[in-house]
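Peer 1: fold the following and give me the result.
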Amino acid sequence: MAKRFNNLKSALKLLRPLSGTGDAVDLADTSALGFFQAVQAGKKKVEYGDRPEGSEPGSLVPYALVPFATPVNTAPKVLTALSKRSETGFSASGITAADANISKEAANLSAAVELVGFVAAKCTIRVVGSTTETKTSKLTGQKYKTKGGRSYTYPIGFGTGEAAKGFKDVKAAIVAKAKSNTRSLSFIPEIYR
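Peer 2: Modelled structure (predicted):
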């Protein structure tokens with residue numbers, strides 16, 4: 001569960017008796033903490049089936065990239081994946097596949113290798129919605145306002161040829177192209193497990 005609920009989890013621990021034996025105080029689900037306690041205890045079921053169609057999980061599309069750890073133009077390409085939703089969101093996110101140094105050309109995909117334990121570096125671009133709406137939290141029952149929006153996550157890699165750039169340079173180029181008043185960006189470096 002997200003870190004933002006850590007304060008509620010800590011509060012639930014305080015409901016236990018000081019003696020350390022016995023059950024925690026059972027709160028009515030009319031407060032945010034009581035509602036959260038009922039969800040955690042399984043008394044209330046949380047369902048997320050009402051997602052907008054654009055937020056539903058979709059299929060993955062294979063792409064190829066050169067990892068940053070092998071910064072040479074002749075390095076073999078590695079297979080990675082991009083969600084179909086993110087692929088259709090290139091125009092909304094303000095970047096292209098070339099900006100992320102990823103390719104789904106048949107020649108690149110057939111030459112790409114599967115690298116066990118490799119997780120590509122990622123760029124997440126959040127596009128903020130334009131209208132404010134009121135929603136109800138499924139975990140606390142409280143109402144909150146949100147502008148909504150969508151986020152798109154893209155694997156990013158080392159460029160080849162003239163576009164050969166390391167993580168820092170690729171990151172800077174994407175920020176320069178995509179950052180705006182309606183978009184925020186975050187990056188995660190590649191991981192080898």
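Peer 1: contact partners for A69?
Peer 2: Shown in contact with A69 (Cβ atoms under 8 Å, 6 or more residues apart in numbering): E190, Y192. (C-beta placed from N, C-alpha, C; glycine too.)
Peer 1: that's a helix at it, yeah?
Peer 2: No. Using DSSP: H, G, I helix; E, B strand; the rest coil, the assignment for A69 is coil, not a helix.
Peer 1: distance check, it against A32.
Peer 2: As judged by Cβ to Cβ, to the nearest Å, A69 and A32 stand 45 Å apart.
Peer 1: swap in S19?
Peer 2: 27 Å.
Peer 1: okay, those two: which has more neighbours?
Peer 2: More neighbours surround A32 than the other of S19 and A32, with 16 against 6 (other Cβ atoms under 10 Å).
Peer 1: in stretch 122-137, what counts as buried?
Peer 2: Buried residues in stretch 122-137, counting neighbours by 16 or more other Cβ atoms under 10 Å, are found at K122, C123, I125, V127.
Peer 1: out of those, who's nearest R193?
Peer 2: Nearest to R193, judged by Cβ to Cβ, of the buried residues of stretch 122-137 is K122 at 14.9 Å.
Peer 1: partners of that closest one in the sheet?
Peer 2: Note on K122: beta-bridge partners by DSSP bridges are P155, I188.
Peer 1: give me every residue that touches it.
Peer 2: T153, Y154, P155, I156, F187, I188.
Peer 1: so the last one sits against T153, correct?
Peer 2: No. Here I188 does not reach T153: they are 9.0 Å apart, not a contact under Cβ atoms under 8 Å.
Peer 1: where along the protein do the strands fall?
Peer 2: 60-65, 78-83, 118-119, 121-128, 133-136, 143-146, 149-156, 183-188, 191-192 (DSSP state E).
Peer 1: picking up where we left off before, list just the nearest of the contacts of K122 to S10.
Peer 2: Nearest to S10 among the contacts of K122, with distances taken as Cβ to Cβ, is I188, at 27.3 Å.
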